[in-house]
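Undergrad: quick one, fold the following:
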Amino acid sequence: MFLDRIVATKREEVIALKQSLNISQAERTIADLQSCIGFEWALIGRNRPVGLIAEVKKASPSKGLIRPDFHPVSLAQAYEQAGTDCISVLTDTDYFQGSNDYLKRIREQVNVPLLRKDFTIDERQIYEARLIGADAILLIAAILTKSQLSSFHTLAQDLGLDVLVEVHNRPELETVLEIGKASLIGVNNRDLKTFVTDLKVTEELIGLMPKGIVAVSESAISTTDDVAFVRQAGAQAVLVGEHFMRQANVQDAVNDLLGPVAKEGAIG
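TA: Model prediction:
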């Protein structure tokens, strides 16, 4: 399974990171950084009836190279001009052809909250995310223990980061809800074993979430009917990457999928 291979690679990366990142030094550096831009708050006060996390994504393990003419800063600027609420940046190198440098460069050029999308399995990666300019991190329930989910969530918040907790099925969601810390939960519609996607996963899991959770539907969203379906199911935002990356003009693609910016009445 791809996820097992990715996690094995991450363990090797963490060993290297332990040689280069000193936590005490990182804490001193972070103390002098500007505050993060509110990622979750941007989705609550979203620009459209359905909030958008637009993803900068060059490739994926299942699809290979998605966008040959990949210019991360230009793509992020186009997303910003289209009125996206947040931007997700893949930083994994081996499987998604991402880079920490992409996120750093985007941070310098856009004023939209940034999610560092990677496979977090160690606390040092959370410090690293803050240092490279992220405003939020992704915690994937499928690769973390209950204890890790809880402690990583607390650490991220202590460092000023928001947290998007990703679930794929009911047991994962139940674990996240038992911990009781997540206020921003993403439902990934992709089965991690088969890679089959089904928007009904969003419908099933959001129906189990208590009020007060900001729910994000992720993967397999490429039509206005898809957006309407997950909105009807209760999603307040969507995360879209591959669909936009396959369009020549991503700014037009955002408006075609989500409609024009309509700030009035977006909250709710």
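
Undergrad: from the middle of its chain, how far away would the helix or strand that contains Q19 be?
TA: Using DSSP states H and E, Q19 sits within helix 2-20. With C-alpha atoms, centre = their mean, to the nearest Å as the basis, helix 2-20 stands 19 Å off its chain's centre.

Undergrad: show me what it is packed up against.
TA: Under the contact criterion of 3 or more C-beta pairs under 8 Å, 6 or more residues apart in numbering; DSSP states H and E, helix 2-20 touches helix 123-132. The way it works is simple: take the backbone N, C-alpha and C, and place the C-beta from them, glycine included.

Undergrad: who does the helix or strand following the helix it packs on pair up with?
TA: Next in sequence after helix 123-132, counting helices and strands by DSSP H and E, comes strand 136-140. In the sheet, strand 136-140 lines up against strand 114-117 (parallel), strand 162-167 (parallel) (DSSP bridges).

Undergrad: can you list contacts of the longest one?
TA: Applying C-beta atoms under 8 Å, 6 or more residues apart in numbering, the external contacts of strand 162-167 come out as 36, 38-40, 113, 115, 135-142, 149, 152-153, 156-157, 173, 176, 181-182, 184-188, 205, 216, 218.

Undergrad: among the residues you listed, name the buried ones.
TA: With burial judged by 16 or more other C-beta atoms under 10 Å, the buried subset of the contacts of strand 162-167 is 36, 38-40, 113, 115, 135-141, 149, 152-153, 156, 173, 176, 181-182, 184-188, 205, 216, 218.

Undergrad: mind listing which of those residues are in strands?
TA: Among these, DSSP state E puts 115, 136-140, 184-188, 216, 218 in strands.

Undergrad: farthest pair in those residues?
TA: Within those, I137 and V187 form the most distant pair, 17.5 Å apart (C-beta to C-beta).

Undergrad: now do stretch 228-243: distance from first to last residue.
TA: 16 Å (C-alpha to C-alpha, to the nearest Å).

Undergrad: give me the contact list for that stretch.
TA: In this structure, residues lying in contact with stretch 228-243 by C-beta under 8 Å, 6+ apart are 43-44, 46, 49-57, 60, 63, 66, 85, 88, 90, 186-187, 199, 202-203, 206-207, 209, 214-219, 221-222, 227, 253, 257-258.

Undergrad: and N111, how many neighbours?
TA: Look at N111: counted by other C-beta atoms under 10 Å, it has 8 neighbours.

Undergrad: now name the helix or strand holding it.
TA: Assigned by DSSP H and E, N111 belongs to neither a helix nor a strand.

Undergrad: that one touches E80, doesn't it?
TA: Yes. Counting by C-beta atoms under 8 Å, N111 touches E80, with 7.2 Å between them.

Undergrad: can you classify R48 by secondary structure?
TA: At R48 the chain is in coil, as set by DSSP: H, G, I helix; E, B strand; the rest coil.

Undergrad: picking up where we left off before, sort out which residues of the following helix or strand past the helix holding Q19 are buried, please.
TA: Next in sequence after helix 2-20, counting helices and strands by DSSP H and E, comes helix 23-31. Buried positions in helix 23-31, judged by neighbour count with 16+ other C-beta under 10 Å: A26.

Undergrad: can you spell out which helices and strands pack onto helix 23-31?
TA: Here helix 23-31 touches helix 123-132, going by 3+ C-beta pairs under 8 Å, 6+ apart.
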